[in-house]
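Colleague: Prediction below, plus the sequence it came from.
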Amino acid sequence: MKEWYDSIKEAQSVDKLEEIRIAIFGKKGVLAVEFAKMKSASNEEKAQLAKDLNTYKSSLMNELTARKIILQTLELQELMKAQAIDVSLFSATSETGALHPVMETMDRIVEYFSAMNFSIKTGNMVEDDFNNFEALNLPKYHPARDMQDTFYFKDELLLRTHTSPVQIRTMMNTKPPIRMIAPGAVFRRDYDLTHTPMFHQVEGLLVDEEGKVSFANLKYILEDFLKYMFGDVKVRFRPSFFPFTEPSAEVDISCVFCKGEGCRVCSKTGWLEVLGCGIVDPNVFEAVKYENVSGYAFGLGVERFAMLIHQIGDLRALFEGDIKLLEQFQ
Ligand code: DAH
């Protein structure tokens with residue numbers, strides 16, 4: 001029996017120790033053999049043998065357990081040494097996240113108007129007919145509603161087709177003067193190269209006493225804003241129509257692709273339309289019960305801005321989560 005103590009002490013691995021355990025305690029192990037020998041012993045011998053064997057049994061078991069703990073600890077230390085990671089090492093393959101180009105563009109727009117003291121309003125994505133259409137001088141059956149076909153719920157609720165209803169909500173619960181922008185998602189039943197069912201707009205509204213707000217104020221700030229966004233571009237205002245503004249204009253910048261020379265993107269005109277604006281229509285003020293005020297408003301599509309700034313050809317690419325595209329914005 002003695003030699004087994006030495007074997008346990010000399011075992012260099014948990015596996016080896018397990019072999020030894022089986023050799024001693026297994027069904028055909030040395031202890032089983034010794035106990036079997038008792039059968040042929042006399043009764044007095046039996047008692048003594050059993051006592052001795054049981055003493056061996058428990059002391060060998062203690063030795064085994066103690067050695068096992070030591071070996072396990074050593075093996076764990078070896079493993080940790082082998083798998084150690086130097087977290088301070090530079091990894092050439094690490095990748096960082098980045099803002100989505102649409103959100104980055106939105107942030108820049110918000111940054112400009114915040115600096116100009118416009119506050120930020122959010123409104124509701126699920127709107128009612130009054131805020132989305134009626135109060136914006138788009139009565140039921142008005143043909144201009146066709147341009148903004150949306151997703152309807154029951155009880156005159158719908159997904160907002162533009163951020164203009166935030167104008168109405170803001171005027172309904174604040175007294176003038178107002179200087180606000182409303183960035184957010186809007187929805188339309190559209191899907192092609194330049195339209196997606198969900199996209200983002202930023203609406204702007206400024207209201208002050210009657211006679212204080214002019215088209216010249218609007219022209220000044222939008223020109224300054226567009227130069228902030230697109231750099232050194234020419235800006236022009238074209239007469240247009242929106243039900244909620246009168247007079248209304250669409251604003252073009254000189255084409256960022258061909259610098260105004262005329263190309264495929266600007267349909268050879270040298271100009272790109274980037275926003276709509278105008279002087280707030282008196283019917284809108286009447287709907288929100290404002291008197292003796294004047295104001296201007298404007299609205300723009302954030303995806304269109306992002307596409308022009310980053311020269312992205314297909315609007316839908318912005319919504320496909322394509323890593324190859326997004327990686328370019330880190
Ligand atoms: N709501 C318009 C649209 O979605 C954009 C717009 C045009 C907003 C002119 C305005 C504005 O406030 O004055 O097409």
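Modeller: Everything's here; your move. Numbers count the residues shown, from 1 in each chain.
Colleague: can we go C-alpha only for contacts and neighbour counts from here?
Modeller: OK.
Colleague: Next up, the contacts around residue 318.
Modeller: Shown in contact with residue 318 (C-alpha atoms under 8 Å, 6 or more residues apart in numbering): 101, 102, 303.
Colleague: Select from those the one having the most neighbours.
Modeller: Among these, the one with the most neighbours (other C-alpha atoms under 10 Å) is residue 303, at 25 neighbours.
Colleague: The longest helix anywhere in the chain: which residues count as buried?
Modeller: The longest helix of the chain (DSSP state H) is helix 43-82. Buried residues in helix 43-82, counted by 16 or more other C-alpha atoms under 10 Å: 46, 49, 53, 56, 60, 64, 67, 68, 71.
Colleague: just checking, what packs against the helix or strand hosting residue 171?
Modeller: Following DSSP states H and E, one finds residue 171 within helix 165-173. Judged by 3 or more C-alpha pairs under 8 Å, 6 or more residues apart in numbering; DSSP states H and E, the packing partners of helix 165-173 are helix 129-132, strand 178-187, strand 198-209.
Colleague: quick one, what contacts residue 235?
Modeller: Contacts for residue 235 (C-alpha under 8 Å, 6+ apart) come out as 223, 226, 251, 252, 253, 254.
Colleague: which parts of the chain sit against the ligand?
Modeller: Residues of the chain that fall close to the ligand, judged by C-alpha under 6 Å from any ligand atom: 162, 164, 203, 242, 245, 276, 277, 278, 297, 298, 299, 300.
Colleague: What residue spans form the domains of the protein?
Modeller: Domain assignment of the chain by automatic domain parsing yields the ranges 2-82, 101-329.
Colleague: Do a quick rundown of the strands in the stretch 201-330 of the chain.
Modeller: Counting by DSSP state E, counting those that start in this stretch, residue ranges of the strands within the stretch 201-330 of the chain are 235-242, 245-254, 271-280, 293-301.
Colleague: Make CSV from those strands and add mean pLDDT and distance to residue 30 to it.
Modeller: Compiled in CSV, the strands of the stretch 201-330 of the chain are given as follows (pLDDT from 0 to 100; distance: least, C-alpha to C-alpha, whole Å):
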stretch, mean pLDDT, distance to residue 30
strand 235-242, 97, 99
strand 245-254, 97, 95
strand 271-280, 97, 92
strand 293-301, 98, 86
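Colleague: picking up where we left off before, how far is the helix holding residue 171 from where the chain is centred?
Modeller: For helix 165-173, the separation from the chain centroid amounts to 28 Å (computed by C-alpha atoms, centre = their mean, to the nearest Å).
Colleague: Next, the angle strand 198-209 makes with that helix.
Modeller: Orientation check (axes from the mean of the first three to the mean of the last three C-alpha atoms, to 10 degrees): helix 165-173 against strand 198-209 gives 40 degrees.
Colleague: Now do helix 165-173, average pLDDT.
Modeller: Mean per-residue pLDDT for helix 165-173: 97.
Colleague: on that earlier part again, please identify the most buried of the domains of the chain.
Modeller: The highest mean neighbour count among those, using mean count of other C-alpha atoms under 10 Å, belongs to domain 101-329: a mean of 17.
Colleague: Could you work out the end-to-end span of that domain for me?
Modeller: 7 Å (C-alpha to C-alpha, to the nearest Å).
Colleague: ok, now stretch 7-15?
Modeller: With C-alpha to C-alpha as the measure, stretch 7-15 spans 13 Å from end to end.
Colleague: rewinding a little: may I see the contacts of residue 318 organised as TSV, with distance to residue 181 and pLDDT added?
Modeller: Below are the contacts of residue 318 laid out as TSV (distance: C-alpha to C-alpha, whole Å; pLDDT from 0 to 100):
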residue	distance to residue 181	pLDDT
101	20	92
102	17	94
303	17	95
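Colleague: From those residues, pick the one nearest residue 269.
Modeller: If you rank those by distance to residue 269 using C-alpha to C-alpha, residue 303 comes first, at 21.3 Å.
Colleague: need the contact list for the residue of the stretch 101-250 of the chain found nearest the ligand.
Modeller: Nearest residue of the stretch 101-250 of the chain to the ligand, counting by C-alpha to the nearest ligand atom: residue 162, 4.5 Å away. Counting by C-alpha under 8 Å, 6+ apart, residue 162 touches 132, 186, 187, 201.
Colleague: helix or strand for residue 22, which one?
Modeller: Applying DSSP H and E, one finds residue 22 within helix 14-25.
Colleague: hmm, who's touching that helix?
Modeller: 7, 8, 11, 29, 30, 31, 32, 64, 68, 71, 72.
Colleague: other SSEs contacting the longest helix of the chain?
Modeller: Counting contacts by 3+ C-alpha pairs under 8 Å, 6+ apart, helix 43-82 packs against helix 2-10, helix 14-25, helix 30-37.
Colleague: Of all the helices and strands packed on helix 165-173, which one is nearest residue 151?
Modeller: Taking those one by one with C-alpha to C-alpha, strand 178-187 is closest: 7.5 Å.
Colleague: distance between the closest one and the chain's centre?
Modeller: The chain centroid and the centroid of strand 178-187 are separated by 20 Å under C-alpha atoms, centre = their mean.
Colleague: orientation of it relative to strand 198-209 in degrees?
Modeller: Here the directions of strand 178-187 and strand 198-209 differ by 160 degrees (the same axes, to 10 degrees).
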